[in-house]
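# sequence unknown, structure follows:
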């Protein structure tokens, strides 16, 4: 009968081989392909989406940028015509810092029509 330690070593060797064949790096083994560097994965979440013109859920709106907001009223959904900023107490107009009493549903980065204006 095989020793339990021997079976454990055999099982570990098989699982390591399976992992290598699937391209998964195995700790403590030498491999021509170094393990993937995953230190930047978290940072990728902080980058705005590649298509900044897509609407994002309001719960993800940043505090430090001019944003275009979408609201729903009796006429249906539409975008505000002025940039707003998120503050701790709600929303303000970017230009005047006046409080805006709204409940937006979505946001996207404010894109100025003419950057020289």
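Sure, I can see it. Everything quoted here is computed from the prediction, not taken from an experiment.
# what are the ranges of the helices in this structure?
Under the criterion DSSP state H, helices of the chain are mapped to 4-21, 41-44.
# so who does residue 102 touch?
Residues counted as contacts of residue 102 (CB atoms under 8 Å, 6 or more residues apart in numbering) are 69, 71, 80, 90-91. Backbone N, C-alpha and C define where each C-beta goes, glycine included.
# Mind doing that once more with 7 Å?
Residues near residue 102 by CB atoms under 7 Å, 6 or more residues apart in numbering: 69, 71, 91.
# that older thread, of the helices of the chain, which shows the lowest average pLDDT?
Ranked by mean pLDDT, the helices of the chain end with helix 41-44 at the bottom, a mean of 43.
# where does the protein have its least confident helix or strand?
Least confident helix or strand of the chain, by mean pLDDT, DSSP states H and E, is helix 41-44 with a mean of 43.
# and the contacts of residue 102 as TSV, adding neighbour count and distance to residue 85?
As requested, the contacts of residue 102 are exported to TSV (neighbours: other CB atoms under 10 Å; distance: CB to CB, whole Å):
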residue	neighbour count	distance to residue 85
69	24	10
71	16	15
91	22	7
